[in-house]
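*Asks:* just a sequence and a predicted model for now, questions to come.
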Amino acid sequence: MDIVVCIKQVPDVPNIRIDEHRMTIIREGVESIINPLDCVALEAAVDLRERQGGRITVLSMGPPQSEEALREALAFGADQAILLTDPAFGGADTLATSHVLATAISMLKPFPDLVLCGRQTIDSDTGHVGPQIAEELDLPQVCGVNEIDLQGDSLVVKRLYDGFLDTFRVNTPALLTVSQELSSPHHIPLADLERAFSDREIIRWAMKDLNLKPEEVGLGGSATRAWKLHKAAPKRRGEVVTGSPQSLVEHLIRKLEALSILDEESGNE
Ligand SMILES: Cc1cc2nc3c(=O)[nH]c(=O)nc-3n(C[C@H](O)[C@H](O)[C@H](O)COP(=O)(O)OP(=O)(O)OC[C@H]3O[C@@H](n4cnc5c(N)ncnc54)[C@H](O)[C@@H]3O)c2cc1C
């Protein structure tokens, strides 16, 4: 089974900063990680390859530094890594991002049996990209799956949605987006990381390798423009309290009394 896993390098969320003038995320100088759900997808791909054989290709569209995420994915167990990078791809909305990814997938030989994406990212968080790739490639899709089984040539996938467990039989080739419950990503051995960062090749495709035009990618290929962007004021304030269990309970009771959530009489009971 040939599997493509789409991975996005994202800024580690607590460190995200916003360029309020350009209305974009500032990615430079911020520590980056593989989007956590993409690691879940990668683990599922490794598991399917163990059961069925085949090859895993990881694909990422992003600036040159996204190569790090791809190298990590190689260390994780991927067989091949392709970085889609070109200054022309900058400023892409989800439609332009999906178009570049779908075009790259359509150029793979053989065409993959399965494309896996995370359900959403921790930075832009739209959940658009997987479904849009599936639409462009005319693939059946199921979003947010938490179980994948193989039955002959088809996949039986399950997802929990609104308290109901849906089960689908999907013919391949297909695209699935995955949710957290699908798998627990394994720990990457240091030696594999070292090898991936020193010996392994990253294939790079730019706009012209994909036979795309400037009006199809980046800002030119985007159907939307960010109109306004500002940081929302935090509504809640957290407080870390330390001490013995007895003093913590007394502290909490005093707080609840001060907020009139607990009256003094019941607090002292
Ligand atoms: C109007 C607009 C302007 C934007 N301008 C910029 C900009 O100037 N610079 C900028 O950096 N971003 C910009 N963005 C953000 C950019 O569009 C998104 O980062 C990108 O489209 C992915 O969307 P998402 O993170 O919501 O993915 P989701 O749809 O939430 O992601 C789901 C899954 O799709 C896959 N996926 C998503 N993105 C990629 C990727 N790049 N490579 C491989 N797999 C992927 C992953 O498997 C991921 O788990 C802009 C967005 C909008 C709407």
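*Replies:* Okay, I see it. Numbering: from 1, shown residues only.
*Asks:* so whichever residue of the stretch 101-250 of the chain sits closest to the ligand bridges to which residues?
*Replies:* In the stretch 101-250 of the chain, no residue comes nearer to the ligand than G118, which is 2.4 Å away by CB to the nearest ligand atom. C-beta coordinates here come from the backbone N, C-alpha and C atoms, glycine included. Taking DSSP bridges as the rule, G118 bridges to V178.
*Asks:* list the buried residues of the helix or strand containing E135.
*Replies:* According to DSSP states H and E, E135 maps onto helix 129-137. Buried positions in helix 129-137, judged by neighbour count with 16 or more other CB atoms under 10 Å: V129, G130, P131, Q132, I133, A134, E136, L137.
*Asks:* which residues in the stretch 51-200 of the chain form strands?
*Replies:* Along the stretch 51-200 of the chain, the stretches classed as strands by DSSP state E, counting those that start in this stretch are 55-61, 80-84, 114-118, 141-145, 147-151, 154-161, 164-171, 174-178.
*Asks:* can you add mean pLDDT and mean neighbour count and give those strands back as JSON lines?
*Replies:* Formatted as JSON lines, the strands of the stretch 51-200 of the chain follow (pLDDT from 0 to 100; neighbours: other CB atoms under 10 Å):
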{"stretch": "strand 55-61", "mean pLDDT": "98", "mean neighbour count": "25"}
{"stretch": "strand 80-84", "mean pLDDT": "98", "mean neighbour count": "22"}
{"stretch": "strand 114-118", "mean pLDDT": "98", "mean neighbour count": "28"}
{"stretch": "strand 141-145", "mean pLDDT": "97", "mean neighbour count": "21"}
{"stretch": "strand 147-151", "mean pLDDT": "93", "mean neighbour count": "14"}
{"stretch": "strand 154-161", "mean pLDDT": "93", "mean neighbour count": "17"}
{"stretch": "strand 164-171", "mean pLDDT": "95", "mean neighbour count": "12"}
{"stretch": "strand 174-178", "mean pLDDT": "98", "mean neighbour count": "26"}
